[in-house]
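A.B. asks: Below are the sequence and a predicted model for it; my questions follow.
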Amino acid sequence: MIRSMPHDHSDHDHPHSLLPPEPALRVKALETILTQKGLVDPVALDEIIDTYENRIGPRNGAHVVARAWSDPDFRAALLEDADAMVSEMGYYGRQGEHMVAVENTDQVHNMVVCTLCSCYPWPLLGIPPGWYKSDAYRARTVREPRKVLAEFGVTLPADTAVRVWDSTAEVRYLVIPQRPAGTEGLDEAALMDLVTRDSMIGCGLAKAP
Amino acid sequence: MTRLHDMGGRFGDGPVVPEAEHVKFHADWHPRALALTLASGSLGLWNIDVSRHARECLSPADYGRFSYYEKWISALADLLVEKGALSREELAKGKALGASDLTHKKLKAESVADVLAKGGPADRPSNVAPLFKPGDTVAARAFPENMIVTGGHTRLPSYAAGATGQILRLHGSHVLPDSSAHGLGEAPEPLYAVAFKAAALWAHAEHPDDEVIVDMWQSYLAPA
């Protein structure tokens, strides 16, 4: 049986149009109503914000990458079963329930996008940057990844293929950037400093030491 | 194209503007909108597919002009009313007009860390056997539309509809958004990463060796 959509509304039928149009006031109004109603605790909101402002961010992913660069057994295990490895490091969580690590090489450069919304591996990289959520990134990355890369200052050799991963399901992708040359003597902590957020989305390269 | 969110491959959006890693939010209300959405999700009135669909169901005019967190907060208001947690009158008056029977579900500050750490995995046991293995050639369904609900939610992007590609890996069995977004059950089935050559998707591919990998449920695919 084919079902029809019971609630495809025009502009004015949407309940949100009853709230103030200015977004800051819109958020404030909704928080006020939900708090009065006993459905939201403002202290819990503070706690969520503090988590993503101060505790969960791209240094988690950088830790995973630096370890993969330093420890061949860990690297192999990460490429085989990223969920097990990131869980072991304490980085499992919301929007990172099904992780897959993809490794950049001389032959393949991986990039991650979510064309349909803005899916992103939150426990490893934090909340997504503005550009990742932008229409331009969502629309263009699948069609012209090399032009997008150029806007990040990255030009790939002609014999490197680009593989763009469109996150259409609940699987989240972490790019393992190539380890920069001249880093042989560096320990895991020093390597972490070379791993940028953008390099783990595939829009940048790791920094030179 | 079914709805405005399905924008992969669209022309005309201008440059991507990189930004520094320390920038988390661009306005004071952004973190509040994020937190309010996550906390409301804990009431258990909807799943992730329902909430994605609510954002997609914003009118094309609103979807186009709203910023990311405006989409979130507006779809949140729509869902709270649709699921009966708030009334239209409460939104209009800006205050609560009666007691809720959901207060026991309110997310407590001390539970936040656990809730975020626990997440919401989408893999499930399934009685649908995998039909494909890595290397198999498959064709994505011609219609980037929900086949059960007219105008309903789907995760098949229109740029890949009808294209031929190769199975790259099997992710296991996952909840089917096309069903789950509409209260029709989780209907788990095999989920694959499918590799499409750029030339199979675009008239003027940037490079002959480039590929786009799309995660697709088995019911999106046919042997080719």
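C.D. replies: Sure thing, it's come through.
A.B. asks: Run through the strands of chain B in chain order.
C.D. replies: With DSSP state E as the definition, chain B shows strands at residue ranges B:137-140, B:149-150, B:164-174, B:189-197, B:211-217, B:221-223.
A.B. asks: What score does the closest residue to chain B within chain A have for pLDDT?
C.D. replies: Closest approach between chain A and chain B, counting by C-beta to the nearest C-beta: residue A:115, at 3.1 Å. Where you see a C-beta, it was placed from the backbone N, CA and C, and this is true even at glycine. Looking at residue A:115, its pLDDT is 98.
A.B. asks: swap in residue A:12?
C.D. replies: 60.
A.B. asks: quick one: contacts for the residue nearest the centre of chain A?
C.D. replies: The C-alpha lying nearest the average C-alpha coordinate of chain A belongs to residue A:120 (C-alpha atoms, centre = their mean; 3.1 Å). Contacts for residue A:120 (C-beta atoms under 8 Å, 6 or more residues apart in numbering or on different chains) come out as A:95, A:112, A:114, A:127, A:128, A:132, A:167, A:172.
A.B. asks: right, and residue A:167 touches residue A:114 too?
C.D. replies: Yes - Residue A:167 is within contact range of residue A:114, at 4.2 Å (criterion: C-beta atoms under 8 Å).
A.B. asks: Give the residue spans of chain A that score low on pLDDT.
C.D. replies: Judged by pLDDT under 70, chain A has its weakly predicted residues at A:1, A:6-12.
A.B. asks: Look at residue B:201 and report its pLDDT.
C.D. replies: In the prediction, the pLDDT value recorded for residue B:201 is 98.
A.B. asks: ok, so what distance separates it from residue B:109?
C.D. replies: Separation of residue B:201 from residue B:109 (C-beta to C-beta, to the nearest Å): 46 Å.
A.B. asks: Now the closest residue to chain A within chain B: closest residue in space, sequence neighbours ignored.
C.D. replies: Sorted by distance to chain A under C-beta to the nearest C-beta, the residues of chain B start with residue B:8, at 3.1 Å. Computed as C-beta to C-beta, 6 or more residues apart in numbering or on different chains, the closest residue to residue B:8 that is not its neighbour in sequence is residue A:115, at 3.1 Å.
A.B. asks: how deep is the residue of chain B closest to chain A tucked in, by neighbour count?
C.D. replies: Residues contacting residue B:8 under the criterion other C-beta atoms under 10 Å in any protein chain shown number 26.
A.B. asks: which residues touch it?
C.D. replies: Contacts of residue B:8 were listed using C-beta under 8 Å, 6+ apart, and they are A:113, A:115-116, A:138-139, A:141-143, A:166, B:157-160.
A.B. asks: cool, and residue B:121?
C.D. replies: Under the criterion of C-beta under 8 Å, 6+ apart, the contact list for residue B:121 reads A:97, A:98, A:170.
A.B. asks: Give me the buried subset of those residues.
C.D. replies: A:97, A:98, A:170 (16 or more other C-beta atoms under 10 Å in any protein chain shown).
A.B. asks: Can I get these in TSV including distance to residue A:195?
C.D. replies: TSV is the format used below for those (distance: C-beta to C-beta, whole Å):
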residue	distance to residue A:195
A:97	23
A:98	22
A:170	25
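A.B. asks: Can you narrow the residues you listed down to the ones near chain B?
C.D. replies: A:97, A:98, A:170 (C-beta under 8 Å from any C-beta of the partner chain).
A.B. asks: Next up, the contacts around residue B:13.
C.D. replies: Counting by C-beta under 8 Å, 6+ apart, the residues that residue B:13 touches are A:134, A:135, A:136, A:139, A:140, B:7.
A.B. asks: Next step: these restricted to helices.
C.D. replies: Judged by DSSP state H, helices contain the following of the contacts of residue B:13: A:135, A:136, A:139, A:140.
A.B. asks: Buried members of those residues into PyMOL, please.
C.D. replies: Paste this into PyMOL to select the buried members of the ones in helices among the contacts of residue B:13, with burial taken from 16+ other C-beta under 10 Å:
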select buried, chain A and resi 135+136+139+140
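A.B. asks: could I get the ones in helices among the contacts of residue B:13 as CSV with distance to residue A:154?
C.D. replies: Listed next are the ones in helices among the contacts of residue B:13 as CSV, based on distance: C-beta to C-beta, whole Å:
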residue, distance to residue A:154
A:135, 21
A:136, 16
A:139, 19
A:140, 15
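A.B. asks: got the ones in helices among the contacts of residue B:13 as a markdown table, with distance to chain B columns?
C.D. replies: Written out in a markdown table, the entries for those read as follows (distance: C-beta to the nearest C-beta, whole Å):
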| residue | distance to chain B |
| --- | --- |
| A:135 | 5 |
| A:136 | 4 |
| A:139 | 4 |
| A:140 | 6 |
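A.B. asks: gap between the two ends of stretch A:198-209?
C.D. replies: As for stretch A:198-209, its first-to-last residue distance stands at 17 Å under the measure C-alpha to C-alpha, to the nearest Å.
A.B. asks: rewinding a little: and the strands of chain B, which one averages the lowest pLDDT?
C.D. replies: Of all the strands of chain B, the segment with the smallest mean pLDDT is strand B:149-150, scoring a mean of 94.
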